[in-house]
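>>> Return atomic coordinates for the entry below.
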Amino acid sequence: MTASSDSAPNQIAPVPRISMQAFCETPDVAQVIQQAISDRRMEKAHVKVNMGGAAAAIEAYRAAATPNVIFLESTAKREELFEYLHALAEFCDPGTKVVVAGRMNDIVLYRELMARGVSEYLVMPFAVIDFIRTVSHLYSSAGADPVGKTIAFAGAKGGVGASTLAHNVAWSIPRDHDIQTVLVDLDLGFGTAGLDFNQDPPQGIAEAVFAPDRVDSNLVDRLLSRCGDKLGILAAPATLDRVYDFPETAFDAIVDILRASTPCVVLDVPHMWTAWARRMLIGADEIIIVAAPDLANLRNAKSLVDTVRTARPNDAKPRLVFNLVGMPKRPEIALADFAKAVDLEPAGVVHFDPKLFGTAANNGQMIAEIEPASKANETIAELARLVTGRFEIRKPKKGLLDPLKLLGLSKAS
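Purely as a prediction, here's the structure:
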């Protein structure tokens, strides 16, 4: 029995390609379902919203096949509701799932509905995310592993170090939290994951994306370059012998396979605005925007934040990380002003330190391997805790600049 919840959504598996018809009694519930249809997790489902409630559903299916899912809003009393369900059962095809929404928050009613073959009962009022979660759970097999979380890193401008932070956070997650993780380098032409991890895999993500008919879990597993027991890398070829113009859904199958088998998937999204890059960013469970404190970064970060918020109305805000802070001789926008302009509280601040980050890059090592006691590594570790839900950022005591100092006791390039 699902009730309305104001909490942020946990990982919710995308709804598969199903047909669904909703029969509502009130405009409010119909509006909630219409809003849910546009959510990124519902894009494969074909959903039609009708008015008239259970009586309209019974009439509709007297001479028509039932869809994969029927949603019924009913304000009827218990016995009348059971009569409607009994009449509907005469026309339901085998395998059709029925979700009922009502105003009675009663565990006895819930059990009786389950005994009559109802798949789920939603207590009204409910939020958009409650509806999406309910439909998703209808197709999550009992006892299955939780769906993996995808975390996308994107730079507000090229060269701000988003890839470096993505790689270090991806390395920190399995080391510090014992969570199986895969890093996916989506910059096929110029990606640096292979270099940063001192790996030279003969194959990588390109082999999968250029052969979509062959993509399955076995192929993806063979293409992974292993960096210890808990970290795998889908490296980019970083060659220019081919052009990397892909359709919007080119990486969907790869990400779906990884989500089904890996608790944490870190996506290193290149600084470009193609249909597939936008899809990878918008479709992630968590988005980290990395920016340097200058005007171009501010403009681009504002555009990214506005786009993400519009496309993901039921998700948490993206997170903002400042990088390359304190670069000598470069005029900078005050971090407090930058954060205010994009309406995001910074999740971390990384200061300019070319020696530390340059040494790590040239050696093919992570920051923690070069200088584990550094402030940079402290910030990276806190970001890893934050994106995995293992740690909450400490709240400021005296305003915005104090948490920036607290979280940004680090240097990076």
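
>>> where do the helices sit along the stretch 101-250 of the chain?
Taking DSSP state H, counting those that start in this stretch as the test, the helices found in the stretch 101-250 of the chain are 107-115, 128-138, 162-177, 193-196, 205-209, 217-223.

>>> how about these in a markdown table, adding distance to S303?
The C-beta positions use only the backbone N, C-alpha and C, and glycine is treated the same way. Formatted as a markdown table, the helices of the stretch 101-250 of the chain follow (distance: least, CB to CB, whole Å):
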| stretch | distance to S303 |
| --- | --- |
| helix 107-115 | 46 |
| helix 128-138 | 25 |
| helix 162-177 | 15 |
| helix 193-196 | 26 |
| helix 205-209 | 27 |
| helix 217-223 | 33 |
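
>>> which ones are touching S225?
194, 197, 199, 201, 204, 232-235 (CB atoms under 8 Å, 6 or more residues apart in numbering).

>>> mean confidence for stretch 113-131?
Taken as a whole, stretch 113-131 has a mean pLDDT of 92.

>>> got the contact list for it?
Contacts for stretch 113-131 (CB under 8 Å, 6+ apart): 1-6, 9, 12, 28-29, 32-33, 35-36, 39, 69, 73, 82, 85-86, 89, 97-105, 109-110, 134, 137-138, 313-314.

>>> Which of the residues you listed are buried? Put it as a ChimeraX command.
For the buried members of these, the matching ChimeraX selection, counting by 16 or more other CB atoms under 10 Å, is:
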select :2,9,12,29,32,33,35,36,39,69,73,85,97,98,99,100,101,102,104,109,110,134,138,314
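
>>> Filter the contacts of stretch 113-131 down to the ones in strands?
69, 73, 97-102 (DSSP state E).

>>> low-confidence ranges in the stretch 301-413 of the chain?
Residues of the stretch 301-413 of the chain that meet the criterion pLDDT under 70 lie in 391-413.

>>> mind listing the strands for it?
319-325, 346-351 (DSSP state E, counting those that start in this stretch).

>>> Can you tell me the strand partners of the first one and which way each runs?
When pairs are called by DSSP bridges, strand 319-325 turns out to pair with strand 286-291 (parallel), strand 346-351 (parallel).

>>> so which of the ones you listed is the most packed in?
Of these, the one with the most neighbours on average (mean count of other CB atoms under 10 Å) is strand 286-291, at a mean of 26.

>>> What residues are bridge-paired with the closest residue to V325 other than its chain neighbours?
The shortest distance from V325 to any non-neighbouring residue, by CB to CB, 6 or more residues apart in numbering, is to H351 (4.9 Å). In this structure, H351 bridges to V325, K411 when assessed by DSSP bridges.
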